[in-house]
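**Q** coords below, sequence missing:
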């Protein structure tokens, strides 16, 4: 037997094939962007009232001066300028503002969308929630079961790998999935994130009554939680508020001035010599820990609890020692893996929320209840943190994140982006969405978002089937796109025409469609000087590119032709995007 260690992983047809994604730039459509007239830190006091069981708004506004509503900042009124949109995206990525004014709604393929975010947002997303569809319908009718799952797994693998890059060190990914793909997805996530970074498989009770039409009715969906690093995530994960049924368990039979309390076990598993001692009850009876257990603290700790009147021995003073836990001191409870519909909602609740927002006939088919998303965001983030949903659907994740004072990015390919996400999120900003968690967190409106679309592919085929720069690109778009391709930050200088971006303080890039002569290159070299370097990307040039020690000269499109797949806009699971069905056995040689 071979002594070589092998990695346990899932294999499938076509696993080795990976798309070579083009890193697109994002183009804002200002007429679809939407902002309130005040920022989060200017919310009136009543926005924080009536918040129940959530940090949401209270934490984000509690210590802020609530100024009177101010006029819309001038830069927002002029947000048709590309430079303003770019500055906004950069400050949003850097969290320089720290509010929810410039969130991002992106229309486009979510795989390309994730790739577009990679440069600016790598390591900056605190929480990703996705509800990936598995509604292929007849898309797989010509495939056997193995090929069907293979295609789905490849699509998910490519997205998960990009999501992992976007997460902060203490960030987490949450995925809802039914039993059709849950077990395949679990092994795939183990491979991408590492099995040690699996946090939990949460069971969400999506139904409150069984479906009597089938033999065994499903009652739940799976909610996988993976961390970028479990050790870091465990330090920042928030407790959840006590439910009403739990708070009712706290009583005050001895009229303790500290209020209601609950007796908790004073023993711990195992044997520790310094936690083995006799306790004399008020009744005079002496007790020791039961077999296989010890007291939960040392004798010194026990005397401290006694002095603080935290020990309880039953109404007659002869019961098993217990420790008082006061309701007033409870910061919350540790989440566990059973989330009943009474706590986080069910599918019918989600549909009702959708129908209240949209016409009944246009309500989203498979929404998630806002309370479910709130629970996830509450555990995984704090106000001001960044939340991402790359399968935005009808916009639930963005709406909930917004109401909870989190920054957000949502990506949606289909018409839903404009028919559902856009109007819904406008209502949230304007305070005209009374449903979902609005009342629970005291949401009154505010903040805003910018609407982006993915730029077209940088290269296109001309009539002679040659790759050329797309006619839809102007000079600024071209410069930004080349910066992203070459790994430079796009920050055009106001004073130096040749500084379109930089990778370090001394390394710059210049992109032009001009045909540069030897004299022009020499002039550039002289102006750059010996202490700096410049990457020049141009249509053509004359002269030897090695003749300028501080310049590197490349021609476009030749220099980037092999970088990625050009001209492909849709990596989604649509019938027309799937590989052709494999031929029937024995027919491969007929044609």
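**A** That came through fine. From a predicted model like this one, the values you see are computed outputs, not experimental measurements.
**Q** partners of residue 294 in the sheet?
**A** residue 268 (DSSP bridges).
**Q** check contacts around it.
**A** Residues counted as contacts of residue 294 (CB atoms under 8 Å, 6 or more residues apart in numbering) are 267, 268, 270, 271, 272, 275, 276. Every C-beta, even on glycine, is put in place using the N, C-alpha and C of the backbone.
**Q** Recalculate using a threshold of 6 Å.
**A** When contacts are counted by CB atoms under 6 Å, 6 or more residues apart in numbering, residue 294 touches 268, 271, 272, 275, 276.
**Q** Mark which of those residues are buried, thanks.
**A** Buried members of the contacts of residue 294, counted by 16 or more other CB atoms under 10 Å: residue 275.
**Q** Tell me the one among the contacts of residue 294 nearest to residue 391.
**A** residue 268 (44.1 Å; CB to CB).
**Q** And the pLDDT at that closest one?
**A** The per-residue pLDDT reported for residue 268 equals 96.
**Q** Repeat that for residue 246.
**A** Looking at residue 246, the pLDDT reads 88.
**Q** what's the answer for residue 36, then?
**A** 88.
**Q** check contacts around it.
**A** 429, 446, 447, 448.
**Q** change it to 7 Å
**A** Contacts for residue 36 (CB atoms under 7 Å, 6 or more residues apart in numbering) come out as 429, 430, 445, 446, 447, 448.
**Q** Quick check: the residue nearest to it when sequence neighbours are not counted vs residue 285, distance?
**A** Leaving aside its sequence neighbours, residue 36 sits nearest to residue 446 (CB to CB, 6 or more residues apart in numbering; 4.8 Å). Distance of residue 446 to residue 285, given as CB to CB, to the nearest Å: 62 Å.
**Q** What of residue 406?
**A** 54 Å.
**Q** Those two: who's more crowded?
**A** residue 406 (26 against 12; other CB atoms under 10 Å).
**Q** what about the closest residue to that one other than its chain neighbours, is that helix, strand or coil?
**A** Closest residue to residue 406 apart from its sequence neighbours, by CB to CB, 6+ apart: residue 387 at 5.0 Å. When classified by DSSP: H, G, I helix; E, B strand; the rest coil, residue 387 comes out as strand.
**Q** Just the pLDDT for the closest residue to residue 408 other than its chain neighbours.
**A** The shortest distance from residue 408 to any residue other than its chain neighbours is 4.1 Å, reached at residue 401 (CB to CB, 6+ apart). Reported pLDDT at residue 401 in the predicted model: 98.
**Q** pretty sure residue 401 is touching residue 386, no?
**A** No: assessed by CB atoms under 7 Å, residue 401 is found out of contact with residue 386, at 8.9 Å.
**Q** check contacts around the residue nearest the centre of the chain.
**A** Central residue of the chain (CA atoms, centre = their mean): residue 128, 2.1 Å from the mean position. By CB under 7 Å, 6+ apart, the contact list for residue 128 reads 163, 167, 173, 174, 388.
**Q** can you confirm it is in a strand?
**A** Yes: counting by three-state DSSP, residue 128 is part of a strand.
**Q** Bridge partners for it, pull those for me.
**A** Residues in beta-bridge contact with residue 128 (DSSP bridges): residue 173, residue 388.
**Q** do the same with residue 538
**A** residue 555.
**Q** Against residue 473, how distant is it?
**A** From residue 538 to residue 473 the distance is 15 Å (CB to CB).
**Q** go on, residue 160?
**A** 31 Å.
**Q** Isn't residue 537 up against residue 481?
**A** No: at 10.3 Å, residue 537 and residue 481 do not qualify as touching, with contact defined as CB under 7 Å.
**Q** what bits of the stretch 1-150 of the chain have low per-residue confidence?
**A** 1-6, 38-84, 87, 96-99, 134-147 (pLDDT under 70).
**Q** so where do the helices sit in it?
**A** 56-61, 74-77, 82-94, 110-121, 145-166 (DSSP state H, counting those that start in this stretch).
**Q** for those helices, which one sits closest to residue 249?
**A** Of all the helices of the stretch 1-150 of the chain, helix 56-61 comes closest under CB to CB, at 25.0 Å.
**Q** picking that back up, so who does the residue nearest to residue 408 touch?
**A** 377, 387, 408.
**Q** Secondary structure element holding it?
**A** Here residue 401 is covered by helix 396-403, with elements defined by DSSP states H and E.
**Q** Next SSE downstream of that helix?
**A** strand 407-412.
**Q** Adjacent strands (with direction) for that following strand?
**A** Per DSSP bridges, strand 407-412 is paired in its sheet with strand 103-107 (parallel), strand 386-389 (parallel).
**Q** What's the mean pLDDT across it?
**A** For strand 407-412, mean pLDDT is 97.
**Q** which residues of the stretch 251-400 of the chain score low on pLDDT?
**A** 360-363.
**Q** What ranges does it have for its helices?
**A** Going by DSSP H, counting those that start in this stretch, the stretch 251-400 of the chain shows helices at 299-307, 341-344, 347-357, 370-380, 396-403.
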